[in-house]
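> Need a 3D model of the sequence below.
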Amino acid sequence: MSTTADRRYATTVGSQRVELPLVALNDELTIALLICVDMGVAFAETAGRELAELMRPARPDIVVSVATMGIPLAIEASRALGLDDYVILHKTPKIHLGHAWSEPVSSITTESAQRLRVDPARVGAVRHKRVAVVDDVVSTGASLSAALRLVRRMEAEPVVVGTLVTEGGGWQRALGEDAALVQSLGTMPLFHPDGAGGLVEDWS
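Numbers count the residues shown, from 1 in each chain. All right, here's what the predicted structure looks like:
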């Protein structure tokens, strides 16, 4: 990934305005890069509270999120919802995770295929619960699809998906009927070169 001549994209995440660096993933695709873990405590607290209000009507019992970017959001959304527990899904293999509870996943910002895993000791915290799945950005829908499959394998019901922003429109096709679960604090396009040194916004 490389920053595109230090150009930035201004957008809103709920009530908060942010300026994000434009980063080229390859010759054909550029994204506005939102790194939740680098946005600060106040940003995460506000975003988590505002996202919780969007998700509250679904009456979730527990929040499930994807490491690492979704962790601040899981904490703050759980706090705002009055929940005292959350479960994190991991993309990095760890000795306590094993392979029994895992799903294949690919990401727009990761070159190699990965697996999304949950600690077997945490499955009981999710089983038979109404689950809010939260993540920082929904783009291709691949990570979110894997998270939803894993939640359902744990015999839980995903009742809402909360995200800071959606990116482009490919995630809607990838998620199918599950796209209706998504609640977002903002939207961003993807970007493609226009052939003259500039970028064209792609919302599709």
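> can I assume Ala74 is in contact with Ile88?
Yes. In this structure, Ala74 is within contact of Ile88 by C-beta atoms under 8 Å, at 6.6 Å. The way it works is simple: take the backbone N, C-alpha and C, and place the C-beta from them, glycine included.
> out of these two, which sits in the more crowded spot?
Ala74 (27 against 18; other C-beta atoms under 10 Å).
> List the buried residues for whichever strand or helix holds the more buried one?
Here Ala74, judged by DSSP states H and E, is contained in helix 71-81. Neighbour counts over helix 71-81 (16 or more other C-beta atoms under 10 Å) mark Ile71, Pro72, Leu73, Ala74, Ile75, Glu76, Ala77, Ser78, Arg79, Ala80, Leu81 as buried.
> Name the single longest helix found in the protein.
In the chain, assigned by DSSP state H, the helix with the most residues is helix 41-55.
> Next, the contact list for the nearest residue to Arg79 once chain neighbours are set aside, please.
Nearest non-adjacent residue to Arg79, counting by C-beta to C-beta, 6 or more residues apart in numbering: Gly48, 6.9 Å away. Applying C-beta atoms under 8 Å, 6 or more residues apart in numbering to Gly48 gives the contacts Pro72, Leu73, Ile75, Glu76, Ala77, Arg79, Ala80.
> quick check, nearest of the residues you listed to Val66?
Leu73 (9.6 Å; C-beta to C-beta).
> Any idea what the most centrally placed residue in the chain is bridged to?
The centre of the chain sits closest to Asp135, judged by C-alpha atoms, centre = their mean, with a distance of 2.5 Å. In this structure, Asp135 bridges to Thr163 when assessed by DSSP bridges.
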